[in-house]
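> Generate coordinates for the sequence data below:
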Amino acid sequence: MVRLYSGNGSQEVQVLDEVVPGQAWAVEKRNIVQLLLAKGYKKAAAIFDRIPFELREGTNGFNDDFCVLYYQAPPERYVSIANEYENQEVKLSYRCIAEAITEVGHYIRFIVLDLDKNANDEVVRVETPTLEISSDSVQRALADAEHLIHSRGAASGVDRVHTAFHGYLKAVANKASISFPEDSSVTDLFKLLRTNHPALYFREPRATDIERVLKSMASIIDSLNPLRNRASGAHPNEMVLEEPEAMLIINSVNTLLHYLDARFRENA
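Next up is the predicted model:
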């Protein structure tokens with residue numbers, strides 16, 4: 001167990017149950033991210049947005065009552081976050097996160113990173129990016145997906161990742177003043193942006209090959225709708241995707257989000 005932040009008082013900590021259930025916590029978390037950004041704490045906002053912390057009750061041998069920001073991470077991510085903590089700016093960011101959550105009404109005495117010892121066979125996650133172009137619905141869906149993947153498995157997060165990607169494509173099109181029918185599918189929007197957005201017009205020597213890669217990715221996009229409808233937790237399906245296949249879908253979407261966000265940042 002690594003303490004990423006420790007407040008005043010006894011340094012003994014016992015982590016108990018969740019304080020706020022998943023959906024309500026996703027909303028609170030989004031508001032806290034906005035508070036951090038408003039205060040100018042961009043690094044803290046990015047860390048808090050990226051890591052699927054849970055808000056837990058805490059106590060100790062003195063029966064003190066406080067809250068703990070808690071994340072039980074698979075080994076690779078555990079090591080990555082622990083190593084990142086050696087940076088002084090990151091340490092300060094965790095303090096800013098604790099103070100912001102305390103400010104909205106949950107007294108945080110500790111931020112704790114724990115090792116999930118049962119996750120050795122977990123498929124490696126592609127991190128969810130912090131998006132330059134977004135919307136409230138996109139951030140809410142991404143936060144929901146993080147919580148569901150962590151608490152119930154990747155198949156439960158496929159629907160929310162699909163919703164986030166759909167909303168992201170709409171937000172990009174709106175910002176670029178590219179019109180589209182309100183009922184446009186993910187596939188329609190992706191094709192529309194590839195055809196009309198200046199950031200996706202390639203001038204480099206291997207432009208044809210890059211376009212071929214994007215067309216292949218479009219095939220993955222085309223598979224999202226039936227997978228969401230027939231093999232995820234979006235509907236009462238008897239058979240859902242197994243963990244490796246569900247994570248394949250989630251990683252594919254996150255890879256596209258990373259790529260598109262980088263492209264659109266350059267064009268901003």
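> and stretch 189-200, how far out from the chain's middle?
From the chain centre to the centre of stretch 189-200 is a distance of 24 Å (Cα atoms, centre = their mean, to the nearest Å).
> Export only the CA atoms of it, formatted as CSV.
Extracted C-alpha coordinates of stretch 189-200, given in CSV (Å, rounded to 0.1, in the frame of the first residue of the first chain):
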residue,chain,number,x,y,z
LEU,A,189,-19.6,10.6,-37.8
PHE,A,190,-16.2,9.0,-38.1
LYS,A,191,-16.5,8.9,-41.9
LEU,A,192,-17.7,12.5,-41.9
LEU,A,193,-14.7,13.7,-39.9
ARG,A,194,-12.2,11.7,-42.0
THR,A,195,-13.6,13.3,-45.1
ASN,A,196,-14.2,16.9,-43.9
HIS,A,197,-12.0,17.8,-40.9
PRO,A,198,-8.7,19.6,-42.0
ALA,A,199,-6.8,17.8,-39.2
LEU,A,200,-7.3,14.5,-40.9
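> Pull out the buried positions in it.
Applying a neighbour-count criterion of 16 or more other Cβ atoms under 10 Å, one finds 189, 190, 191, 192, 193, 197, 199, 200 buried in stretch 189-200. From N, CA and C alone the C-beta is placed, and that goes for glycine too.
> Could you give the separation of the helix or strand containing residue 91 from the chain centroid?
Element membership of residue 91 [criterion: DSSP states H and E] is helix 88-103. Relative to the chain's own centre, helix 88-103 is displaced by 19 Å; criterion: Cα atoms, centre = their mean.
> Spit out the contact partners of the residue lying farthest from the centre of the chain.
Distance to the chain centre peaks in the chain at residue 62, reaching 35.8 Å (criterion: Cα atoms, centre = their mean). Residue 62 makes contacts with 10, 12, as judged by Cβ atoms under 8 Å, 6 or more residues apart in numbering.
> ok, it to residue 10 distance?
Here residue 62 is placed at a distance of 6 Å from residue 10 (Cβ to Cβ, to the nearest Å).
> Which strands and helices lie in contact with the helix holding residue 91?
Where contact means 3 or more Cβ pairs under 8 Å, 6 or more residues apart in numbering; DSSP states H and E, helix 88-103 is packed against strand 2-6, helix 22-38, helix 42-50, strand 66-73, strand 108-115.
> Quick check: end-to-end length of stretch 55-72?
End-to-end distance for stretch 55-72: 12 Å, by Cα to Cα, to the nearest Å.
> Could you list the buried residues of that stretch?
Buried residues in stretch 55-72 (16+ other Cβ under 10 Å): 55, 56, 58, 60, 66, 67, 68, 69, 70, 71, 72.
> domain assignment for the protein?
2-115, 136-267 (automatic domain parsing).
> which SSE is the residue lying closest to residue 30 once chain neighbours are set aside in?
Distance criterion Cβ to Cβ, 6 or more residues apart in numbering; nearest residue to residue 30, sequence neighbours excluded, is residue 139 at 5.1 Å. Using DSSP H and E, residue 139 falls within helix 136-152.
> mind listing what's buried in stretch 208-224?
214, 217, 218, 220, 221, 224.
> How is the first one assigned, secondary-structure-wise?
When classified by DSSP: H, G, I helix; E, B strand; the rest coil, residue 214 comes out as helix.
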